[in-house]
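K.L.:
Pasting the sequence and the predicted coordinates here, then a few questions.
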Amino acid sequence: MYYVGVDLAWGERKPTGLAVLDESGHLLHVSAATTDDSIAEALATYVEGECLVAIDAPLIVTNPTGNRPAEAALNKDFARFDAGAHPSNTGKPEFAEQPRGARIAARLKLDMDPRSGRARRAIEVYPHPATVALFRLGRTLKYKNKPGRSLVQLRSELLVLMGLLESLTRADPRLLVDGEPWQSLRTTVENAERKSELRVVEDQVDAVVCAYVAMFADREPARTTTYGDFATGYIVTPSLPEDLTPTPRGPRVPRDKVGDAVREYAALQPKLKPVTRDFMRLVTAVLDEAGINYLSVTGRTKSVASFAAKAAATGADGRLEHPDPLHDITDQVGLRVITYVHADVQAVVDLLGDQMTVLEDRDMGQEAVSEGRFGYASRHLLISLGEERADQPGYETLRGRQASVQIRTVLQHAWAEFEHEVRYKGTIPEEHVSDFDRRFTLAAGLLELADREFSTIRDRLRSAGAGPAAEPAIDDDPRISPRELAAFLAGQYLDAGWSRTEHYAWISDLLLELGITSLTELGEVLRPVDAEALTARMAYRYPPGAVRRLDDALLWVYGDTYVDLRGNAERTDALRGRLERLRQDVPGSR
């Protein structure tokens, strides 16, 4: 079964939007066409079998003047929401003979009777009242180009509509528009510099609305209204909620919160991209400086359409989940830290708490445990720059900003990504929901057990003096090989965690700059270091990795000479700050 949307242009010179959903609500196709031939060709595959084609254009027009009865009835309900229909009559040239919509339906051999039970049908729909009813809008979104509407307004309104459509992933029936064609449309809108660029996308977005109305009408007939009849013309649309009232007009009336928030965010979002970049660099530098072993640090700036979808999301009572979107949606800048074992999650949390200001801390795994269940496990922090760095140069972009940070193990990450892919992007048949829920819960429990076992394996290897595998040494390379160095440091610092594999190679280069080319020489250099005093001076508030421990020991021994090494050029200020702490009543440093 396919649900097809056609936002039909009046003539063949202007673009017609086309969209196709499968019976699960996935957007399979979205495009623009012009001629009747190109429309028929684009839809041929989808209308061969069972289908419902929703066409945004009059199909049946018999009245010589004025409105059709369908338009008069619809306008009585929706005109006050700015969603009234324009009059259609045979006095207009485009309806004097066979309307173009009826011509397309006939060419595709579709039954146009809205009450028909045939497998291949066409119905007339109208996106404006549909969006008002589906999304409980006080008035229609103003994304159509009319005099007095700026590019900025048209773009932001269209992004609001796209966000609302994306929010239907949680609706019944569901709409799933996460594929590349939709992403491409979104990118075009966000980057549009001319109104003409928006026009092509607008037609295709309207076509998606039409396709969804077809699915809604087929699945939810009790919540669907057909204005008019087959004899005089009709319009099918989701029913107007009885308690919905129009947004009052007038300059003193507050404008729509969602629309205003999306407009503001659309203007703000480009400025957040360097904020995301610099937060990611800072978090990465903090982790590397501490020597914590992690898999990856990634970041993203929330897209405008994603913000619009979240801003428009409503609860079961129809109220906005985020009444003040710009303030309430805190993941506009988002980072994700993936660690190897669960113990390192807490280490990252402690480190970020020490180095930055933590505004919010949620342990999603602990919340699941407190409810007596297995499920999504991740640590969510909301961080800001912190007082120590606030006045330092180099952090200008981060002052007054915040970032949402997800911290999870690689196993937790795999579970979360797969669950999101299947439950929210995929489709689970209703009869299998409870079984899938049970299986996801079982998988979550097994992964929690696996995380514990990985931690045990890591701890036992650490106590045995083993280190992570590294590239074998090259015969004529004077450096201490990363593999040998890792094994040496595992024995030197029994209580230290593993460091990232590439960090062993990095500090081996620093050792070469110091003229240290063997483990014997390194052992002699480290012999006079008072490890207990060093630890006291550094006052570690997180478990430092082996490379960080060696880094501090070399700083203790060589002082300014170590700071001035070529390999330390990008972290001179940080090293000098650590050196000042080490020199507090510490004799014998060079």
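P.N.:
All right, it came through fine.

K.L.:
Helix, strand, or coil at Leu27?
P.N.:
Leu27 falls in the strand class when you classify it by DSSP: H, G, I helix; E, B strand; the rest coil.

K.L.:
ok, it - contacts?
P.N.:
Listed by C-beta atoms under 8 Å, 6 or more residues apart in numbering, the contact set of Leu27 reads Ala19, Val20, Leu21, Leu175, Leu176, Val177, Gly179, Pro181, Trp182, Val208, Ala211. From N, CA and C alone the C-beta is placed, and that goes for glycine too.

K.L.:
One more pass at 7 Å, please.
P.N.:
Each residue near Leu27 by C-beta atoms under 7 Å, 6 or more residues apart in numbering is listed here: Ala19, Leu21, Leu176, Val177, Gly179, Pro181, Trp182, Val208.

K.L.:
Next: Val236.
P.N.:
Contacts for Val236 (C-beta under 7 Å, 6+ apart) come out as Pro114, Ile123, Glu124, Val125, Val213, Ala217, Thr224, Thr226.

K.L.:
Next: Arg300.
P.N.:
Counted by C-beta under 7 Å, 6+ apart, Arg300 has contacts Thr276, Gly334.

K.L.:
Would you list the phi and psi of Leu526?
P.N.:
phi -80, psi -10 (degrees, to the nearest 10).

K.L.:
Which residue comes closest to it once chain neighbours are left out?
P.N.:
Ala553 (5.6 Å; C-beta to C-beta, 6 or more residues apart in numbering).

K.L.:
Burial check on the one you found, number of neighbours?
P.N.:
By other C-beta atoms under 10 Å, 22 other residues sit near Ala553.

K.L.:
pLDDT at it, what is it?
P.N.:
With respect to pLDDT, Ala553 has a value of 93.

K.L.:
Contact partners for Thr34?
P.N.:
With contact set as C-beta under 7 Å, 6+ apart, Thr34 has these partners: Glu12, Arg13, Pro15, Thr16.

K.L.:
With Pro15 as the reference, measure out to the closest residue to the second one other than its chain neighbours.
P.N.:
So that's Arg13. What sits nearest to Arg13 in space, not counting adjacent residues and going by C-beta to C-beta, 6+ apart, is Thr34, at 6.7 Å. Per C-beta to C-beta, to the nearest Å, Thr34 is found 6 Å from Pro15.

K.L.:
Kindly report the same for Lys142.
P.N.:
20 Å.

K.L.:
shouldn't His71 be in contact with Ala85?
P.N.:
In this structure residue 71 is Glu, not His. Yes. Applying C-beta atoms under 7 Å, one finds Glu71 in contact with Ala85, separated by 4.3 Å.

K.L.:
which one of the two has more residues nearby?
P.N.:
Set Glu71 next to Ala85 and count neighbours by other C-beta under 10 Å: Glu71 wins out with 25 against 22.

K.L.:
Next, give phi and psi for the more buried one.
P.N.:
The phi/psi pair for Glu71 (degrees, to the nearest 10) is phi -70, psi -40.

K.L.:
And it, what's its pLDDT?
P.N.:
Glu71 is assigned a predicted lDDT (pLDDT) of 96.

K.L.:
List the contacts of it.
P.N.:
The neighbourhood of Glu71, defined by C-beta under 7 Å, 6+ apart, consists of Ala85, Pro87, Ser88.

K.L.:
residue ranges with poor pLDDT in the stretch 451-590 of the chain?
P.N.:
Where the stretch 451-590 of the chain drops to pLDDT under 70, the residues are 451-476, 541-542, 585-590.

K.L.:
Now with 80, please.
P.N.:
Low-confidence segments of the stretch 451-590 of the chain, defined by pLDDT under 80: 451-477, 490-491, 494-501, 540-543, 584-590.

K.L.:
what's the least confident helix or strand in the protein, going by average pLDDT?
P.N.:
Counting by mean pLDDT, DSSP states H and E, the chain has its least confident helix or strand at helix 364-370, which shows a mean of 57.

K.L.:
Each with direction, which strands does the helix or strand following it pair with?
P.N.:
Note on helix 364-370: by DSSP states H and E, the next helix or strand toward the C-terminus is strand 379-384. Strand pairing for strand 379-384, determined by DSSP bridges: strand 357-363 (antiparallel), strand 402-409 (antiparallel).

K.L.:
Do me a favour and average the pLDDT over strand 379-384.
P.N.:
92.

K.L.:
which secondary structure element contains Leu268?
P.N.:
helix 257-290.

K.L.:
quick one: that helix to strand 402-409, angle?
P.N.:
Helix 257-290 runs at 60 degrees relative to strand 402-409, counting by axes from the mean of the first three to the mean of the last three C-alpha atoms, to 10 degrees.

K.L.:
among the contacts of Thr34, who's most crowded?
P.N.:
Neighbour max across these (other C-beta under 10 Å) = Thr16, 29 neighbours.

K.L.:
looking at it, it is touching Asp7, isn't it?
P.N.:
Yes. Using C-beta under 7 Å as the test, Thr16 is close enough to Asp7 to be in contact (6.3 Å).

K.L.:
which residues do those two both contact?
P.N.:
Contacts common to Thr16 and Asp7, judged by C-beta under 7 Å, 6+ apart, are Asp203.

K.L.:
With respect to Gln269, which of the contacts of Glu71 is nearest?
P.N.:
Checking the contacts of Glu71 against Gln269 with C-beta to C-beta, the nearest one is Ala85 at 35.2 Å.

K.L.:
In TSV: the contacts of Glu71, plus distance to Leu526, secondary structure and pLDDT.
P.N.:
Below are those laid out as TSV (distance: C-beta to C-beta, whole Å; DSSP: H, G, I helix; E, B strand; the rest coil; pLDDT from 0 to 100):
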residue	distance to Leu526	secondary structure	pLDDT
Ala85	83	coil	94
Pro87	89	coil	94
Ser88	88	coil	95
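
K.L.:
In the protein, what residue spans correspond to strands?
P.N.:
Listed in chain order, the strands of the chain (DSSP state E) span 2-7, 16-22, 27-33, 51-55, 120-124, 224-229, 233-238, 296-301, 333-339, 357-363, 379-384, 402-409.
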